[in-house]
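# missing the sequence, but the structure's below:
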Ligand SMILES: NC(=O)C1=CN([C@@H]2O[C@H](COP(=O)(O)OP(=O)(O)OC[C@H]3O[C@@H](n4cnc5c(N)ncnc54)[C@H](O)[C@@H]3O)[C@@H](O)[C@H]2O)C=CC1
Ligand SMILES: O=C([O-])CC(=O)C(=O)O
């Protein structure tokens, strides 16, 4: 199975690294626009093959998309990340043009690929990719909810003082500082509702910390995060390539689901070899429905800015 990752920067290279050492794909091609950068990242990761023990074949190219031909999955991480104090939405001006041209290039050589969109503002970039390529909706998947959910579980585990892998939880809605919806009502500690252990004030703090999880890391690091983002993309790619049919919140085209039309937003999806195989309809309560509608309004306003590129 072959994966192309466009953008060999922090997130793209971390994703390639995780895919390799976990043996998720047999071949990974990194593409970047910066001369020699993807080649260098691929060589550096390949030199781990005998110490972390993997057989994945990695290569890099500066913009030669013929090397990506026949990819099963293409991950788009190309574009700029935010700096402290910025929102993801402020990246649209530069990233929209990059994502659109990259999507065209990859499809020329891999017409059957499933595309995973990572570049921010991710929900809008996913919508752009879908509209610009005309691909069926099962083949364009925005990655955000997997990451936001892993952060949610991290903050829950800290509040509970229990291992993160014993915590279940999900974040839906937009992948933005104010648009994410951590579903605290449905989160559990090994199947027991977390409200059995945490007060409403503690749960509210977990939700608030989750929503600004990316901004907090950007403030600490000076650029946005990459370890958890790269690993989250690899987790999603694994479910596609190995047909695991995991339920993962992803940004996908909604056509009436969750009361929304013509918008890509985070909802729980079954992810398998066909990409998005099913959107799972979770019964939200009235407060959650209102948050989802508000989140959709913000994402829709952002999508309106795509008029110049679409
Ligand atoms: N959806 C999500 O959950 C997350 C999204 N992101 C987003 O992912 C994107 C990448 O973030 P980082 O890897 O940290 O940035 P980075 O700056 O480390 O890497 C981006 C790479 O894209 C390359 N690039 C730019 N234009 C290109 C083009 N036309 N073709 C090929 N390569 C091109 C750059 O040369 C650079 O190496 C950002 O937009 C960031 O906001 C980051 C983390 C999580
Ligand atoms: O915060 C950012 O800009 C990058 C991102 O999407 C995340 O880490 O969640």
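Happy to help now that I have it. Just so it is clear, the model here is predicted, and its values are computed rather than measured. Ligands and ions are numbered 1, 2, ... in the order given.

# can we go C-alpha only for contacts and neighbour counts from here?
Noted.

# Give me the buried positions along the helix or strand residue 104 falls within.
Element membership for residue 104, per DSSP states H and E: helix 92-109. Going by neighbour count (16 or more other Cα atoms under 10 Å), the buried part of helix 92-109 is 92, 95-100, 102-103, 105-107, 109.

# How about the residues of the stretch 1-150 of the chain by ligand 2?
81-82, 88 (Cα under 6 Å from any ligand atom).

# sorry, back to before: quick one: is the helix holding residue 104 near ligand 1?
Yes - against ligand 1, helix 92-109 shows contacts by Cα under 6 Å from any ligand atom at residue 98.

# quick one on the thing from earlier: show me which pair in the buried residues of helix 92-109 is furthest apart.
Using Cα to Cα, the two most remote members of those are 92 and 109, lying 25.9 Å apart.

# any chance you could map the strands in this protein?
2-6, 27-32, 57-62, 73-76, 114-117, 140-142, 167-168, 171-173, 180-182, 188-189, 192-193, 246-255, 261-272, 275-279 (DSSP state E).

# so which of those comes closest to ligand 1?
Closest to ligand 1 of these, according to Cα to the nearest ligand atom: strand 27-32, at 3.7 Å.

# Quick check: neighbours of the closest one in the sheet, parallel or antiparallel?
strand 2-6 (parallel), strand 57-62 (parallel) (DSSP bridges).

# List the contacts of the first one.
Defining contact as Cα atoms under 8 Å, 6 or more residues apart in numbering, one finds that strand 2-6 is touched by 12, 16, 25-32, 68, 70-78, 102.

# And the residues of the stretch 1-150 of the chain next to ligand 2, which is closest to residue 220?
Of those, the one sitting nearest to residue 220 (Cα to Cα) turns out to be residue 82, at 12.5 Å.

# Kindly reformat the strands of the chain as TSV containing mean pLDDT and mean neighbour count.
Shown next, in TSV, are the strands of the chain (pLDDT from 0 to 100; neighbours: other Cα atoms under 10 Å):
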stretch	mean pLDDT	mean neighbour count
strand 2-6	98	27
strand 27-32	98	26
strand 57-62	98	21
strand 73-76	98	28
strand 114-117	98	28
strand 140-142	98	30
strand 167-168	98	22
strand 171-173	98	29
strand 180-182	98	26
strand 188-189	98	20
strand 192-193	98	14
strand 246-255	98	24
strand 261-272	98	24
strand 275-279	98	21
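
# Mind listing what's buried along stretch 147-163?
Neighbour counts over stretch 147-163 (16+ other Cα under 10 Å) mark 147-157, 159-160 as buried.

# picking up where we left off before, contacts for the helix holding residue 104 next, please.
Helix 92-109 has contacts (Cα under 8 Å, 6+ apart) with 6, 65-66, 68-70, 74, 76, 78-80, 113, 119-121, 125, 128-129, 132-133, 306, 309.

# Residue numbers of the stretch 1-150 of the chain in contact with ligand 1?
Counting by Cα under 6 Å from any ligand atom, the stretch 1-150 of the chain sits next to ligand 1 at 6-12, 31-34, 77-82, 98, 118-120, 122, 143-144, 147.
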